[in-house]
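Chemist: Got a sequence here, can you model it:
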Amino acid sequence: SAAREKYRPVAAKGSIMYFVVADLGLIDPMYQFSLRYFTQLFNLTIENSPKSKDLAKRLEILLSETTVAVYTNVSRGLFEKDKLVFSFMLCAEILKLNGVINSIEWNYFLRGSPGMDKKRPPKPDHRWLSQQQWNNAVDLATSLDTFKTLLDDLQTKPMRLQIGDMIVDVNQIDPAAPDIDEYQSNLKMFDKLILIKNFAEDRVVQAVTIFVAQNLGQVFVESPATDLNTLYKDMSARTPLVFILSTGSDPMGSFLRFAKEMAMSNKIQSISLGQGQGPVAEKMIVNALKSGEWIFLQNCHLAASWMIAMEELVKKIADPVNPINQDFRLFLSSMPAKSFPVSVLQNSVKVTNEPPKGLRANTKRAFNEIQASFFEENILGMDWKKIVFGICFFHAIIQERKKFGSLGWNIKYEFNDSDRECALLNFQMFCKDGYIPWDALIYITGEITYGGRVTDFWDQRCLRTILKRFFSPVTLDQEYKYSASGIYYAPEYDTLKQ
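Modeler: Numbering: from 1, shown residues only. Take a look at the predicted model:
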C-alpha cells in the first residue's frame, strides 16, 4: 500500500487526462472514448515504458510517456481544427493540477468577467485603445490581483509581452522601447496569455500554440503519424479501425496500398453502404470472421437504419467468447454523424482523414504515404527525388493557402491526396525512359491534375505561378532555393528515411 501511494501522481494525472478526453464528445459526436479504452491504453503505456530503479526517474518517465501516448492516440482521431483545443485543455488541466494555474485565472481566460452591466470609469482618450479593450482592462484589474495596477500601467508605461518568438505590444505608449522585460518580469506565462486574449485577440491561437509547446513539448502541437502501418499495430481482430471522413477525403487508396504491403490484396472485400447494402455487408463480415479476410465498410453515415444491426455485430466480434480468425480486420469509414453507434466509436481505433495543418506536417504525411522503392529506385536518380519533394511541397503550399480565405484562393478548392498521388504517377509514367518532358508535365499538372479543380481565372494563374517555383527545370539546380530566404529547398538525400 505504501509503495502504491508513491505512484499517486501518475494516477492523478491519468484521471484528469481521462476527463479531458471524455469531454471531447461535446465538440463532435464522433469524438467518443470509453473508460475501458482509456484504461487499456494507459496500462499498456505503463507496461511498455522504460524501466528504472530510481523512483523519481521512474515517475518522470511514466508521467511523460502516458501524456504523449494519450495525446497521440486521441488526437489522431480529431479534426485539425480541434487538435489545438485538445492539447491546450490537456496542458491547462495538468498545470492546474500542479498549481501553476488557478481556477479563477482559467475561468477568466475562458469566459471573461461575469459582470456585463457594471459601472466602469470612462475610457482614456487614446486612439489605440478601444472601448471593449478598456472594459476588459477594468474587469481584469478588479478580478485578478496580478493586474490590480493594470489601469495605471496601461496609460503610463510601455507594455510589451514576449511568448516564445512572438512579441505583442499591449499599448502604444512607446512603441520603440527596447526593454521587453520591464513590464513582463513579474508575469507568469499564463498571465501573458490572458493579456493577449484581452488586447490582441487575433494573436491568441499563435500564443496558445507557443504556450502548449513550451509547457508540454513540441510534439503536442504537431499532428501525430496517421499512416496505416502505425494504426494497424493498435487494432486487432476484435478492435475495428474507424476513418472519420471530411469533405473530399477518401482513404481507399492508402488502404489498398497497405493491403498490398501486407500481402492481403487477395483477401480484402469492400462495400459502399447505402440503401439495401446492410444485409450484404453483414454476410461479408460473417464469412470473413471464419476466413480471416479484411472488410472495409465505406460511408457508414449513408446507412443510418443499419447502424443498430452493425453495433450488435461489432459487439459480438468484441466478445472474447465468440471464436474468430485472428487475421480478420474490420475497417469502417463515416462522415461525422449522430447515427453512428457510440459504443463502436468508444472501443475502436479512430483516425481523421484530412490534410494536416502546417507545411511541415503536410509534407511529412506525404512522404509517409510514399513507398521507399517509388522514391529511391528511379532512372533519374537525384533529379527524381527533387521532383517528388517539389510536388509534395507544392501540394502542402496550396493546401495551406486555404486557411487565408480570399487572400489564398478566391474560391475554396478541395485539393486532396489523390491529386498528389495522380501527379506523381504521371511523372513516373512520363519519365520512365530517363527523359523529363517538362512542357507536357507542367501542362498536365497545372491544367488538369490540379488545375482541373480550379474554376476562377485568377486562381488558375496563381496555381500555375506557384507550380513553376516548385516544378520546373531550374528546380533541379544544386543551388536552387524555393524561397528568397534560402530556408526552403529540396534536400539531397538518397533514401526516404533520411
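Chemist: I'd say residue 75 and residue 85 touch.
Modeler: No. Using CB atoms under 8 Å as the test, residue 75 is too far from residue 85 to be in contact (10.1 Å). Just so you know, the C-beta spots here come from the backbone N, C-alpha and C atoms, and that holds for glycine as well.
Chemist: where exactly do the strands run in the protein?
Modeler: Taking DSSP state E as the criterion, the chain carries its strands at 160-163, 166-169, 241-245, 268-272, 294-298, 329-334, 349-353.
Chemist: Tell me which residues are up against the third one.
Modeler: Taking contacts as CB atoms under 8 Å, 6 or more residues apart in numbering, the residues outside strand 241-245 that touch it are 30, 77, 79, 231-232, 235, 251, 299, 329-336, 344-345, 348-353.
Chemist: Convert the C-alpha atoms of it to CSV, please.
Modeler: Extracted in CSV, the C-alpha atoms of strand 241-245 (Å, rounded to 0.1, in the frame of the first residue of the first chain):
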residue,chain,number,x,y,z
LEU,A,241,-10.5,1.0,-37.2
VAL,A,242,-12.8,3.9,-38.0
PHE,A,243,-11.9,6.6,-40.6
ILE,A,244,-13.6,9.8,-39.7
LEU,A,245,-14.1,11.5,-43.1
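Chemist: For it, give the mean pLDDT please.
Modeler: Averaged across strand 241-245, the pLDDT comes to 90.
Chemist: any idea how far that strand is from the chain center?
Modeler: Centre-to-centre, strand 241-245 and its host chain are 14 Å apart (CA atoms, centre = their mean, to the nearest Å).
Chemist: Same question for the last one.
Modeler: How far strand 349-353 lies from its chain's middle: 11 Å, per CA atoms, centre = their mean.
Chemist: ok, residue 341 touching residue 311?
Modeler: Yes. The pair residue 341 / residue 311 is scored as a contact, 3.8 Å apart, by CB under 8 Å.
Chemist: ok, these two, which is more surrounded?
Modeler: Using other CB atoms under 10 Å, the more surrounded residue of residue 341 and residue 311 is residue 341, with 18 against 15.
Chemist: quick one: the more buried one from residue 253, how far?
Modeler: Distance from residue 341 to residue 253, counting by CB to CB, to the nearest Å: 26 Å.
Chemist: gap between residue 330 and residue 232?
Modeler: Residue 330 is 12 Å from residue 232, where distance means CB to CB.
Chemist: which stretches of the stretch 1-150 of the chain have low pLDDT?
Modeler: Within the stretch 1-150 of the chain, the ranges that satisfy pLDDT under 70 run 113-117.
Chemist: all helices for it, in order.
Modeler: For the stretch 1-150 of the chain, the helices defined by DSSP state H, counting those that start in this stretch occupy 2-5, 8-22, 35-48, 55-75, 80-97, 103-111, 131-143, 150-156.
Chemist: Tell me which of those helices lies nearest to residue 219.
Modeler: Smallest distance to residue 219 across those (CB to CB): 6.3 Å, for helix 55-75.
Chemist: The closest one - contacts with which helices or strands?
Modeler: Judged by 3 or more CB pairs under 8 Å, 6 or more residues apart in numbering; DSSP states H and E, helix 55-75 is in contact with helix 8-22, helix 35-48, helix 80-97.
Chemist: Turn the strands of the chain into CSV, columns for distance to residue 123.
Modeler: CSV is the format used below for the strands of the chain (distance: least, CB to CB, whole Å):
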stretch, distance to residue 123
strand 160-163, 22
strand 166-169, 19
strand 241-245, 47
strand 268-272, 60
strand 294-298, 58
strand 329-334, 51
strand 349-353, 45
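Chemist: how about those strands in a markdown table, adding distance to residue 438 and mean neighbour count?
Modeler: Output for these, formatted as a markdown table (distance: least, CB to CB, whole Å; neighbours: other CB atoms under 10 Å):
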| stretch | distance to residue 438 | mean neighbour count |
| --- | --- | --- |
| strand 160-163 | 46 | 19 |
| strand 166-169 | 41 | 15 |
| strand 241-245 | 36 | 24 |
| strand 268-272 | 38 | 17 |
| strand 294-298 | 38 | 22 |
| strand 329-334 | 38 | 24 |
| strand 349-353 | 33 | 22 |
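Chemist: so which of those comes closest to residue 219?
Modeler: For residue 219, the closest of those is strand 349-353, at 17.4 Å, according to CB to CB.
Chemist: The closest one: partners in the sheet, and parallel or antiparallel?
Modeler: Taking DSSP bridges as the criterion, strand 349-353 forms sheet pairs with strand 241-245 (parallel).
Chemist: Report the angle between the strand it pairs with and strand 294-298.
Modeler: Here the directions of strand 241-245 and strand 294-298 differ by 20 degrees (axes from the mean of the first three to the mean of the last three CA atoms, to 10 degrees).
Chemist: Specify the stretch among the helices of the stretch 1-150 of the chain that is closest to residue 247.
Modeler: Minimum separation from residue 247 across those (CB to CB) falls at helix 80-97, 12.9 Å.
Chemist: so which of the strands of the chain gets nearest residue 15?
Modeler: Closest approach to residue 15 among the strands of the chain (CB to CB): strand 349-353, 22.1 Å.
Chemist: Now that closest one - C-alpha only, CSV.
Modeler: Taking C-alpha atoms only, strand 349-353 is exported to CSV below (Å, rounded to 0.1, in the frame of the first residue of the first chain):
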residue,chain,number,x,y,z
VAL,A,349,-9.1,3.0,-33.2
LYS,A,350,-10.1,6.3,-34.8
VAL,A,351,-8.3,8.4,-37.3
THR,A,352,-9.4,11.5,-39.2
ASN,A,353,-8.7,11.6,-43.0
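Chemist: what's it in contact with?
Modeler: Applying CB under 8 Å, 6+ apart, the external contacts of strand 349-353 come out as 30, 73, 76-80, 226, 231, 234-235, 239-246, 249-251, 333.
Chemist: one more time with 7 Å
Modeler: 76-79, 226, 231, 234-235, 239, 241-246, 249, 251 (CB atoms under 7 Å, 6 or more residues apart in numbering).
Chemist: Ok, stretch 438-449 next?
Modeler: 419, 422-423, 426-427, 430, 463-464, 467, 471-473.
Chemist: go on, stretch 222-229?
Modeler: 72, 75-76, 83, 254-255, 258, 351, 356-357, 361, 368-369.
Chemist: go with 8 Å
Modeler: For stretch 222-229, the surrounding residues in contact (CB under 8 Å, 6+ apart) are 71-72, 75-76, 80, 83, 254-255, 258, 261, 351-352, 356-358, 360-361, 365, 368-369.
Chemist: And stretch 87-96, by the same measure?
Modeler: For stretch 87-96, using CB under 8 Å, 6+ apart, the contacting residues are 13, 16-17, 19-20, 23, 67, 70-71, 75, 101-103, 106, 190, 208, 211-212, 215-216, 220-221.
Chemist: Report the buried residues of that stretch.
Modeler: Neighbour-count burial for stretch 87-96 flags 87-95 (criterion: 16 or more other CB atoms under 10 Å).
Chemist: one step back: can you tell me which of the contacts of stretch 87-96 are buried?
Modeler: Applying 16+ other CB under 10 Å to the contacts of stretch 87-96 flags 13, 16-17, 20, 67, 70-71, 75, 101, 106, 190, 208, 211-212, 215-216, 220-221 as buried.
Chemist: tally of neighbours for residue 99?
Modeler: Per other CB under 10 Å, the neighbour tally for residue 99 reads 7.
Chemist: I misspoke; the intended subject was residue 396.
Modeler: By other CB under 10 Å, 23 other residues sit near residue 396.
Chemist: same thing with residue 195?
Modeler: For residue 195, the neighbour count with other CB under 10 Å is 24.
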